[in-house]
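Trainee: Based on what follows, work out the 3D shape:
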Amino acid sequence: MLWPCNPPRTSTGASLRASTLIMFFQPSFLSMVLLQYIFFLTL
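Mentor: I've put the predicted structure just below:
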């Protein structure tokens, strides 16, 4: 309530960072990236 402009920016930045960390640390996402990397290597 004291800072009306900074908390939403920090909250959105934190949520974006958390979402990117979740995307990077998900085993399914990592497996998909590894499979695509191996697929492009085999091409």
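
Trainee: Quick check: Gly13 vs Ser19, distance?
Mentor: Shown here: Gly13 relative to Ser19, a distance of 11 Å by CB to CB, to the nearest Å. C-beta: built from backbone N, CA, C; applies to glycine.

Trainee: scratch that, Leu35
Mentor: Leu35 is 22 Å from Ser19, by CB to CB.

Trainee: Can you tell me the number of residues neighbouring Leu41?
Mentor: Neighbour count for Leu41, taken as other CB atoms under 10 Å: 7.

Trainee: Now the host helix or strand of Phe39: average pLDDT?
Mentor: Assigned by DSSP states H and E, Phe39 belongs to helix 27-42. The average pLDDT within helix 27-42 is 82.

Trainee: From here on, call the first residue 51.
Mentor: Yep, numbering from 51; the last one is helix 77-92 now.

Trainee: Now it - C-alpha only, PDB.
Mentor: C-alpha atoms of helix 77-92 as PDB (Å, rounded to 0.1, in the frame of the first residue of the first chain):
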ATOM      1  CA  PRO A  77      11.700 -33.200 -16.500                       C
ATOM      2  CA  SER A  78       9.200 -33.400 -19.300                       C
ATOM      3  CA  PHE A  79      10.400 -30.000 -20.700                       C
ATOM      4  CA  LEU A  80      14.000 -31.100 -20.400                       C
ATOM      5  CA  SER A  81      13.300 -34.500 -22.000                       C
ATOM      6  CA  MET A  82      11.500 -32.700 -24.900                       C
ATOM      7  CA  VAL A  83      14.500 -30.400 -25.400                       C
ATOM      8  CA  LEU A  84      16.900 -33.300 -25.200                       C
ATOM      9  CA  LEU A  85      14.800 -35.300 -27.700                       C
ATOM     10  CA  GLN A  86      14.700 -32.400 -30.100                       C
ATOM     11  CA  TYR A  87      18.400 -31.800 -29.700                       C
ATOM     12  CA  ILE A  88      19.200 -35.500 -30.400                       C
ATOM     13  CA  PHE A  89      16.700 -35.400 -33.300                       C
ATOM     14  CA  PHE A  90      18.400 -32.400 -34.900                       C
ATOM     15  CA  LEU A  91      21.800 -34.100 -34.300                       C
ATOM     16  CA  THR A  92      20.700 -37.300 -36.100                       C
END
